[in-house]
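> model the following, please.
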Amino acid sequence: MTPLSEDQVARVLATAVSELGVTEDPPGSNAGKRVEEYQRVVGLKKGAPWCAAFFAWCGVQVLAKDWPVPLVGGCASLGDWARKNAVLVYRPQVGDAFLLHFPKLGRFAHVGLITEAQDAEGKYGTVEGNTSGGGSREGWGVFRQRRAWKPEDAFIRLGA
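Numbering: from 1, shown residues only. Have a look, this model is predicted:
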């Protein structure tokens, strides 16, 4: 994958931030007008988990057909692609996509974008879809989170 320019990464992050407050209708349904727009980008049906669809939608809004990340609805697929393309890293930076690993599932199962550098508590600011105010991977909207990473979590390096 050719790394995105600093400007392209900034525009993807700004697009994600512009979606803050989008929620499912009704909450808990994985549905709603805007959520279904995200899902369509990756070919997911109404009712499917949509964090990866939100991530893809943000990239497509900025780069259209030039978005270099595959349009997939699954976090495990994103991780496999990133590993094969040597863009899966384990030291995060602003502008990366994060992949949360869930040991009980044995795979990556949530994705979002890192929008703010590490704070004094070791947490990074993120914007993510299909989360909740408490940081769930199965939430009802697009929210900001503060996250600390576990050793098994990984990051997709979008920029240089």
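
> what about the chain, any weak spots by pLDDT?
In the predicted model of the chain, no residue satisfies pLDDT under 70.

> next, the buried residues of the longest strand along the chain.
Ranked by residue count under DSSP state E, the longest strand found in the chain is strand 107-116. Going by neighbour count (16 or more other C-beta atoms under 10 Å), the buried part of strand 107-116 is 108-115. (Glycine included, C-beta is placed from N, CA and C.)

> same question, stretch 38-53
38-39, 41-42, 44, 48-53.

> please apply the same query to stretch 26-38.
30-32, 34-36, 38.

> please name the nearest non-neighbouring residue to the most centrally placed residue in the chain.
Per C-alpha atoms, centre = their mean, the C-alpha nearest to the average position across the chain is that of Gly112, at 2.4 Å. Counting by C-beta to C-beta, 6 or more residues apart in numbering, Glu128 is the residue found nearest to Gly112 once chain neighbours are left out, at 2.8 Å.

> quick one: the strands in the protein?
Using DSSP E, strands in the chain cover 88-89, 97-102, 107-116, 124-131, 141-147, 154-156.

> TSV for these, including distance to Asp25?
Below are those laid out as TSV (distance: least, C-beta to C-beta, whole Å):
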stretch	distance to Asp25
strand 88-89	34
strand 97-102	25
strand 107-116	21
strand 124-131	14
strand 141-147	10
strand 154-156	29
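
> what's the most buried one of these?
Counting by mean count of other C-beta atoms under 10 Å, strand 124-131 has the highest mean neighbour count of the strands of the chain, with a mean of 24.

> tell me what angle that one forms with strand 107-116.
130 degrees (axes from the mean of the first three to the mean of the last three C-alpha atoms, to 10 degrees).

> ok, now how distant is the residue of the chain most remote from its centre from Pro92?
Distance to the chain centre peaks in the chain at Ala120, reaching 23.5 Å (criterion: C-alpha atoms, centre = their mean). Remark: distance between Ala120 and Pro92 (C-beta to C-beta, to the nearest Å) = 16 Å.
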